[in-house]
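**Student:** Need a 3D model of the following:
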Amino acid sequence: PGMTKTGINSFLGKSAALVASVQNSGHLQKVLFGIAITMVAIALALIAIIIGVSLSRGAKFVDVLQLAIVVLVASIPIAMPVVATSTMAVGSRKMARANAIVSRLAAIEEMAGMNVLCSDKTGTLTKNLLTVEEPYCLPGVDPQDMYLAAVLASKREHADAIDTAICKTIPNKSILEAFTTEKFLPFDPVGKKTEAHIRDRQGAFFKVSKGAPQVLFNIEGQEMPEEVQ
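**Tutor:** Model prediction:
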């Protein structure tokens, strides 16, 4: 196989470009725009009243038009974006003192109006450290055997964070020398599992997998127990 496209021309590059091309107005921009539209609408209503009353009293149309333009210009909140930006800049300075980095000023107001924050980015709300907790094993399954199968189904060289945490469950690496990985299938988002083809010293061949429980139970044609669900 050969490489035909790189960077922005690749599939991932085009996906990133599509995401970056989306221009969504934040809550603050919508509020400021709504205020500006409301003020202009009120000004137009006042101008219509002023023109009607002034012309009924015999005022010159040119003088009335000049007054209407003055009222219309005065109703446009030109300084509102400056005031809003200055206020948020003061807020970002206070957040910086609390060791919070603000990448966008509008994010301060958006964060203030948030009710629930969901995040799964390791390192942002966690210690950037993955560990394996005490496993739940079905009756008749030894936890050490499960750990060994999980390590064999992991990529031990150039491992990611998950495989690194799993490999730490077998401190004695000499145990792994008795097994040879003939083929390794990495994690597939569609299949939701990894798979390794293993052969031991006696020449016995077997497969090990790790992944989503419903997928692993489906391999053997078994129903997932309620306690696992």
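
**Student:** Give the other helices and strands that the top helix by length along the chain contacts.
**Tutor:** As assigned by DSSP state H, the longest helix anywhere in the chain is helix 27-56. Packing contacts for helix 27-56, counted by 3 or more Cβ pairs under 8 Å, 6 or more residues apart in numbering; DSSP states H and E, involve helix 61-75, helix 80-97, helix 106-112. For every residue, glycine as well, the C-beta is placed using N, CA and C.

**Student:** and the ones you listed, which is most packed in?
**Tutor:** Mean neighbours per residue, mean count of other Cβ atoms under 10 Å, is largest over the helices and strands packed on helix 27-56 for helix 106-112, with a mean of 15.

**Student:** just checking, what packs against it?
**Tutor:** If you count contacts as 3+ Cβ pairs under 8 Å, 6+ apart, helix 106-112 packs onto helix 27-56, helix 80-97.

**Student:** per-residue confidence at F205?
**Tutor:** pLDDT recorded at F205 is 90.

**Student:** Sorry, slip of the keys, the one I care about is T38.
**Tutor:** For T38, the predicted pLDDT is 90.

**Student:** count of residues packed around it?
**Tutor:** Neighbour count for T38, taken as other Cβ atoms under 10 Å: 12.

**Student:** repeat for A165
**Tutor:** Residue crowding around A165 was assessed by other Cβ under 10 Å; the count is 15.

**Student:** Wait, a strand at it?
**Tutor:** No - under the criterion used here (DSSP: H, G, I helix; E, B strand; the rest coil), A165 is helix, not part of a strand.
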